[in-house]
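> Here is the input, now give the coordinates:
(one chain, ligands or ions: 1)
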Amino acid sequence: MHLNKDEEKMLDGEQGEVEKNLFRLLIRLGDIYGADKMIPVGSVQVAGVSYKSIGDPGMEFLEDFAKKGAKVKVLTYLNPAGMDLENWEKLGFPKDFAKNQIRIMNAFKKMGIIVTSTCTPYLAGNLPRFREHIAWSESSAVSFSNSVICARTNSEGGPSALAAAICGRTPNYGLHLWQNRQPTVKIKVETDLDFNADFGALGYYVGKQVKNKIPYFTGIKNANTDQLKALGAAMAASGAVALYHIEDMTPEADIVEKKGLETISVGKKEINDTYKKLNSAKDPDIVILGCPHASLREISTLANKLNGKHLKKPVWICTSRVMKEAADRMGFTEIINKAGGEIVSDTCMVVSPIEKMGYKTTGVNSGKAANYLPGFCKQDVVFANINKLIEAQL
Ligand code: F3S
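Okay, the predicted model is just below:
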C-alpha cells in the first residue's frame with residue numbers, strides 16, 4: 001500500500017504509540033481488502049458506546065486509551081449511549097448502569113470526541129458533503145450517508161472507526177470506490193407507501209431478500225428524508241445493505257450502471273406479510289418511536305397527535321440532544337410531557353436496557369427496531385404505523 005510521508009511517520013511512531021498501533025490496524029484492514037492507499041476522512045462516527053453493548057472490557061479499553069493520550073484528528077460523533085445522559089434517573093435507568101455509562105462518555109470526551117450520541121449525526125451537526133470520504137459505524141447512518149448524501153463510507157466496526165478518528169485516515173477500498181457503488185439488484189416497488197413504517201417494512205423485506213447487495217429501486221413515487229432513513233435502517237438490519245439507489249430520487253441513481261440486473265418485485269402482499277411477520281404481540285407495555293433517531297418533523301408529528309390528550313401507557317420518542325433542544329424551544333416537549341410521553345435523548349430502545357426496566361412488549365414503527373428488539377432486548381413487538389400505535393394509547 002502506498003503511504004505518504006506523514007503516514008510513514010505515523011507508522012514509525014513519531015506521533016506516539018497509540019496512533020502507531022491504530023495505524024497498523026488500518027493498514028492490516030487495507031491489506032485484507034486490497035486497498036492501494038490511505039485516504040483522509042472528513043468525519044467519523046463511532047459505534048460501541050452503550051455500556052449494555054461493550055460492558056466492562058470495552059469501558060476499561062476506552063479509559064486506557066484516553067489515559068494514554070489518544071486524541072481524535074477529525075470531527076467525531078458517537079452512536080447512541082445506553083441511557084438519556086441527563087434524564088436517566090427520572091426515566092428509571094438503573095444507577096449502576098448509569099455510573100458505568102458516564103465513565104464511558106468521559107473517556108470519549110477526553111479523546112476529543114463530541115459526546116453527542118446519535119445514529120442521525122447528519123441531523124445533529126455532522127453533515128458530510130457529497131462524495132466526501134468518511135468513516136462511520138452505525139449501519140443506518142452508513143446507509144443514509146452513502147445513499148442519500150452520497151458521502152462515501154464502508155460500514156466500520158467500533159475499533160476501525162476509532163482508529164480512523166485518531167489517525168484521520170481510512171483505507172481506500174469498498175464503497176469509497178466508484179466501481180463498487182454500482183447497483184447489483186433491481187427492486188420494482190408496485191405499491192404505494194404512506195407511513196414511515198411502510199418504508200421500514202419495505203426495507204426489512206428487501207434486506208432479507210438481497211442480503212449485502214446494492215439495490216436500485218424503481219416505483220417509489222415520493223419519500224421524505226425520514227422515510228429514506230427508515231428504509232435504509234431496516235435494509236441494513238435485516239440484510240447488510242450499506243448503499244441503495246432510488247430512481248429519480250437519490251443523487252447517484254442517474255449515473256450508475258443499471259442494465260441487466262436481476263429484478264425483484266415488491267407489492268402490497270409482501271408489505272402486509274412483513275407487518276404480520278414482525279408482530280409478535282398486540283398490546284405494548286410501552287411505545288418507542290425514533291429509530292433511527294427522530295427528526296424535528298417526526299417529533300412535531302407526535303406532539304400534534306398528543307396535544308391535549310392523555311396516554312394510557314408510556315410513549316417515548318428517541319432523538320439526539322440537538323433535536324431535543326429544538327423541540328424544547330418549540331414547545332413540543334411540553335405538549336408530549338403533559339400527555340405523559342417523553343422525548344428521550346442520547347439513547348434508543350435497542351441499546352438501552354429496557355428489558356431490565358420492566359418492559360416486555362414494545363410498540364415500534366421502525367423495521368430496524370422490530371428486527372432487533374426480540375434478540376437484543378427480549379421484547380415481544382407490536383410493529384405498526386404511528387397512527388395505529390398512538391391511537392391505541394389515547
Ligand atoms: Fe438508531 Fe438505535 Fe435504531 S441506534 S437506528 S435508534 S436501533
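> can you give me the strands in the stretch 1-150 of the chain?
Taking DSSP state E, counting those that start in this stretch as the test, the strands found in the stretch 1-150 of the chain are 38-40, 43-46, 75-78, 135-136.
> Tell me which of the ones you listed is the most buried.
A comparison of the strands of the stretch 1-150 of the chain by mean neighbour count, using mean count of other CB atoms under 10 Å, puts strand 135-136 on top with a mean of 32. Just so you know, the C-beta spots here come from the backbone N, C-alpha and C atoms, and that holds for glycine as well.
> Could you see whether the ligand lies near that strand?
No. Applying CB under 6 Å from any ligand atom, one finds strand 135-136 separated from the ligand by no less than 12.2 Å.
> would you turn the strands of the stretch 1-150 of the chain into CSV with mean pLDDT and distance to Pro94?
Listed next are these as CSV, based on pLDDT from 0 to 100; distance: least, CB to CB, whole Å:
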stretch, mean pLDDT, distance to Pro94
strand 38-40, 98, 41
strand 43-46, 98, 24
strand 75-78, 98, 21
strand 135-136, 98, 30
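> contacting residues around stretch 114-127?
For stretch 114-127, contacts defined as CB atoms under 8 Å, 6 or more residues apart in numbering pick out 43, 45, 49, 75-81, 85, 105, 108-109, 128, 136, 138, 140-141, 144-145, 149, 229, 292-293, 295, 319-323, 346-348.
> Tell me the spacing between whichever residue of the stretch 151-300 of the chain sits closest to the ligand and Ile54.
Per CB to the nearest ligand atom, Cys291 is where the stretch 151-300 of the chain lies closest to the ligand, at 3.3 Å. When distance is defined by CB to CB, to the nearest Å, Cys291 is 20 Å away from Ile54.
> These two - which one has more neighbours?
Per other CB atoms under 10 Å, whichever of Cys291 and Ile54 has more neighbours is Cys291, with 31 against 19.
> That one touches Ser366, doesn't it?
Yes. Applying CB atoms under 8 Å, one finds Cys291 in contact with Ser366, separated by 3.7 Å.
> overlap in contacts of those two?
Going by CB under 8 Å, 6+ apart, residues that sit against Cys291 and also against Ser366 are Ala233.
> burial measure for the closest residue to Val241 other than its chain neighbours, as a count.
Nearest residue to Val241, sequence neighbours excluded (CB to CB, 6 or more residues apart in numbering): Met235, at 3.9 Å. Neighbours of Met235 under the rule other CB under 10 Å: 36.
> any idea which element Met235 lies in?
helix 225-238 (DSSP states H and E).
> Against which helices or strands is that helix packed?
helix 139-144, helix 196-210, strand 286-294, helix 367-377 (3 or more CB pairs under 8 Å, 6 or more residues apart in numbering; DSSP states H and E).
> Among the contacts of stretch 114-127, the buried ones, what's the ChimeraX command?
Provided next is the ChimeraX selection string for whichever of the contacts of stretch 114-127 are buried by 16 or more other CB atoms under 10 Å:
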select :43,45,49,75,76,77,78,79,80,81,85,105,108,128,136,138,140,141,144,145,149,229,292,293,295,319,320,321,322,323,346,347,348
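> Near the ligand, which residues of the stretch 151-300 of the chain are found?
So far as CB under 6 Å from any ligand atom goes, the stretch 151-300 of the chain lies against the ligand at 233, 291-293.
> now with 8 Å?
Counting by CB under 8 Å from any ligand atom, the stretch 151-300 of the chain comes close to the ligand at 233, 237, 290-293.
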